[in-house]
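Visitor: Return atomic coordinates for the entry below.
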Amino acid sequence: MPSAILEVDAPIAETQNQAVQQSTKQVLVDGRPVTIASPFPSPTDWRDQWIYFLMTDRFNSVNKTKAQWDQKFNFRQGGTFNGIHQELGYLQKLGVRAIWLSPVLKNSRPDEFAFVYPGYNTQDFLNLDERFASDGKRATAEKELIALVDEAHARGIYVVLDIVLNHTGRVFDYQLDSDTVVDSVPLRDPMHVDWLNGLGFARRDWEDQNLPDPAKLSPDDAVWPTDLQRPDFFRRRGSKVSDAPDASGLIPGDFGTMRQLVAEYEASNQESLRATYGPHPVLTILIRAYEYLIAKYDIDGFRIDTVKYIRPDLVETFGNAMREFALSIGKKNFFTFGEIYDNEKQINRFIGRSGSDTDGFGIDAALDFPLFFVLPDAAKGMAPVENVRLVFENRKEAEKGLISSHGEAGRYFVSFLDNHDQQTRFNHPATSPDQVTLGLAVLFCLQGIPCIYYGTEQGLQGTNDGNGHPTLDSLESVREALWGKPGAFDTKNPFYLAIKSIAELRAKEPPLRYGRIYFRPVSGGNGRDFGQSFGKGGLIAFSRILTDREVVVVANTSFDQLFDGSVLVDFDLNRRGRNFKIAYSNKGTIGTTSVQVQSGQIFPVNGASGMALASIHVSLKPQEAQVLVPA
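Guide: Next up is the predicted model:
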């Protein structure tokens with residue numbers, strides 16, 4: 001293989017050898033030594049975790065912010081690995097079980113060249129972005145990321161890296177003619193390109209394959225490793241115009257100035273290329289680069305950006321490669337989940353047993369966009385509550401024949417209320433605190449692996465325009481520099497305490513992590529006539545059942561109406577009578593309720609009268625969520 005890939009083989013082999021020898025590390029945590037295994041073993045089940053997603057540039061720094069922390073700022077604010085490291089204790093107290101870091105690999109340079117602070121403009125797939133180091137040096141960045149990961153592990157926190165397979169940063173520009181070079185063009189046939197140097201200028205003498213000896217290139221020039229310095233490994237067709245697939249089933253084109261790679265590149269007719277990299281050279285290069293990251297930094301999982309723009313069988317190959325490499329060094333449950341910004345049908349093409357069209361296994365999970373499309377508005381009383389139920393009913397139907405029990409569905413989805421790619425936070429100035437905590441309670445109790453966006457626990461509401469008015473017109477609106485906020489890491493903030501409380505309950509109650517889910521009919525009247533709640537401001541009511549234990553979750557999304565009524569529970573589990581207690585309420589309600597068994601009817605399921613039903617009485621204030629467990 002070319003030398004740039006060979007460079008990663010030695011540390012990979014060394015890490016594999018260490019795993020066989022079951023080596024350990026001593027890590028100082030709050031001044032006391034803690035011994036951890038190295039490599040750090042995977043969790044048995046990722047449903048036992050919940051994830052805190054932070055933007056590496058915007059979470060914390062040992063320096064001041066470069067602009068006012070809560071105003072839009074399209075460039076780097078100065079977040080660092082050491083800044084994150086400094087607040088690991090804060091995250092541990094919150095109950096965080098895994099942190100997801102936005103991309104940390106080297107991006108295009110310089111700062112003024114592109115809006116690259118989110119990290120998705122990768123220019124070097126083997127090296128860290130030195131701008132995350134305390135002194136701006138690559139060697140320091142490497143040491144500080146290793147130290148961050150080691151202490152996270154010592155605190156029982158796993159580390160997930162955000163990675164990209166679909167594109168690089170702006171590493172070349174397009175030739176329109178002999179005199180004109182531009183950074184973006186509408187989608188068209190493949191074009192001639194000029195690689196960029198480290199100052200962001202197109203080099204006409206670097207047209208297409210006319211790169212100098214890599215030894216004469218600066219680390220900031222073109223793209224790295226050298227294996228990727230082939231124009232035919234890139235789409236070179238300009239910007240994508242829609243999310244509609246072409247005749248091949250792919251969605252071609254750059255994301256603005258982020259250059260699309262040809263992940264499906266075939267080397268079948270190029271014997272030397274195939275001999276070096278196998279049938280898919282681009283994919284092989286990326287696989288080896290990301291195996292190197294796992295080996296060097298002891299990473300526990302990958303979140304994969306823009307998955308739906310890659311062929312499902314290639315995503316499957318990548319997922320299996322990561323899974324097998326991690327197994328080879330002692331990580332028995334390395335986690336991969338993808339961004340598939342689409343519906344259930346599209347997601348099912350990439351994950352689990354339904355991944356691709358083969359008999360293989362896709363990546364482990366996907367961000368739960370179908371739930372995200374409905375839960376935030378339903379929780380705020382702005383959309384019908386039945387939309388949430390329909391997500392899970394559709395999911396059960398889609399997964400028939402794929403999983404042994406629909407309780408297993410939670411393994412395949414990472415659920416969330418907001419993130420860095422939305423133009424508003426779930427908590428924005430028009431949102432009441434009770435709506436926020438209601439939404440969080442429902443998120444933590446539904447099937448899936450919950451993911452919280454940084455700053456939610458401190459009440460961040462998005463940036464302002466400098467006059468105290470929210471800005472809702474760009475992605476920068478939800479990317480505040482958290483550490484600039486006065487009292488930014490307050491462990492007594494009401495949102496912090498609410499998340500800590502519901503996370504503790506989820507950790508204590510196995511049904512909330514593994515259980516089957518049933519949306520429950522409710523009765524607001526005589527306690528005998530039941531039906532599913534519907535409409536804006538209705539009830540989100542469901543049970544999570546694992547073996548013989550039922551946990552009941554009820555959320556009143558109304559702005560101003562009390563709910564005083566009954567919720568069905570499982571008849572067979574509760575026919576002999578049982579008391580339930582309120583284990584969590586976002587409004588502090590306490591109390592118990594007893595199961596009532598009597599004749600009743602359910603509408604519109606069958607309308608039959610005289611059925612024996614079991615129910616519990618609940619009373620909820622407006623915008624209150626309660627979780628009830630057997631007393």
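
Visitor: in the stretch 151-300 of the chain, which spans are strands?
Guide: Ranges of strands in the stretch 151-300 of the chain, per DSSP state E, counting those that start in this stretch, are 158-164, 172-177, 180-182, 193-196, 202-207.

Visitor: Next, the angle strand 172-177 makes with the last one.
Guide: Taking axes from the mean of the first three to the mean of the last three Cα atoms, to 10 degrees, strand 202-207 and strand 172-177 form an angle of 80 degrees between their directions.

Visitor: A helix includes Lys308, no?
Guide: Yes: remark: Lys308 belongs to a helix, assigned using DSSP: H, G, I helix; E, B strand; the rest coil.

Visitor: in the stretch 301-450 of the chain, which segments are predicted with low confidence?
Guide: 353-360, 401 (pLDDT under 70).

Visitor: change it to 90
Guide: Low-confidence regions of the stretch 301-450 of the chain, defined by pLDDT under 90, span residues 342-362, 396-409.

Visitor: can you pull out the helices in it?
Guide: Under the criterion DSSP state H, counting those that start in this stretch, helices of the stretch 301-450 of the chain are mapped to 312-328, 344-347, 369-372, 375-379, 386-398, 433-445.

Visitor: just the strands in the stretch 401-550 of the chain please.
Guide: Using DSSP E, counting those that start in this stretch, strands in the stretch 401-550 of the chain cover 413-415, 449-453, 516-519, 522-523, 529-531, 539-546, 549-556.

Visitor: partners of the second one, with directions?
Guide: Paired with strand 449-453 in the same sheet, following DSSP bridges, are strand 51-54 (parallel), strand 413-415 (parallel).

Visitor: Save those strands as JSON lines, and put in mean neighbour count too.
Guide: The way it works is simple: take the backbone N, C-alpha and C, and place the C-beta from them, glycine included. Shown next, in JSON lines, are the strands paired with strand 449-453 (neighbours: other Cβ atoms under 10 Å):
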{"stretch": "strand 51-54", "mean neighbour count": "24"}
{"stretch": "strand 413-415", "mean neighbour count": "24"}
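
Visitor: Throw these into TSV and include distance to Asn586, thanks.
Guide: Formatted as TSV, the strands paired with strand 449-453 follow (distance: least, Cβ to Cβ, whole Å):
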stretch	distance to Asn586
strand 51-54	20
strand 413-415	18
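
Visitor: Secondary structure class of Ala13, three-state.
Guide: helix.

Visitor: what about it, distance to Ala295?
Guide: Distance from Ala13 to Ala295, counting by Cβ to Cβ, to the nearest Å: 9 Å.

Visitor: per-residue confidence at Asp111?
Guide: Turning to Asp111, the model gives it a pLDDT of 53.

Visitor: ok so, going back, the helices of the stretch 301-450 of the chain: which one's closest to Asn574?
Guide: helix 433-445 (18.8 Å; Cβ to Cβ).

Visitor: and the closest one with strand 549-556, angle?
Guide: Relative orientation of helix 433-445 versus strand 549-556 (the same axes, to 10 degrees): 150 degrees.

Visitor: Of Ala13 and Ala295, give the one with the bigger neighbour count.
Guide: Between Ala13 and Ala295, Ala295 has the larger neighbour count (other Cβ atoms under 10 Å), namely 25 against 11.

Visitor: Quick check, the more buried one in contact with Ile329.
Guide: Yes: between Ala295 and Ile329 there is a contact at 6.6 Å, judged by Cβ atoms under 8 Å.

Visitor: Tell me who's in contact with the residue lying closest to Thr44 once chain neighbours are set aside.
Guide: Leaving aside its sequence neighbours, Thr44 sits nearest to Asn333 (Cβ to Cβ, 6 or more residues apart in numbering; 6.7 Å). Listed by Cβ atoms under 8 Å, 6 or more residues apart in numbering, the contact set of Asn333 reads Ser42, Pro43, Thr44, Asp45, Trp46.

Visitor: Can you tell me how far the last one is from Ala321?
Guide: Think Trp46. Distance from Trp46 to Ala321, by Cβ to Cβ: 19 Å.

Visitor: between these two, who's got more neighbours?
Guide: Higher neighbour count among Trp46 and Ala321: Trp46, with 26 against 18, using other Cβ under 10 Å.

Visitor: per-residue pLDDT, that one?
Guide: At Trp46, pLDDT is 98.

Visitor: Could you do Phe115 as well?
Guide: Per-residue confidence (pLDDT) for Phe115: 65.

Visitor: Equivalent analysis for Pro11, please.
Guide: pLDDT, Pro11: 67.

Visitor: swap in Asn269?
Guide: pLDDT, Asn269: 86.

Visitor: Minimum distance to Arg576: which of the helices of the stretch 301-450 of the chain has it?
Guide: Across those, closest to Arg576 is helix 433-445 (Cβ to Cβ), at 25.4 Å.
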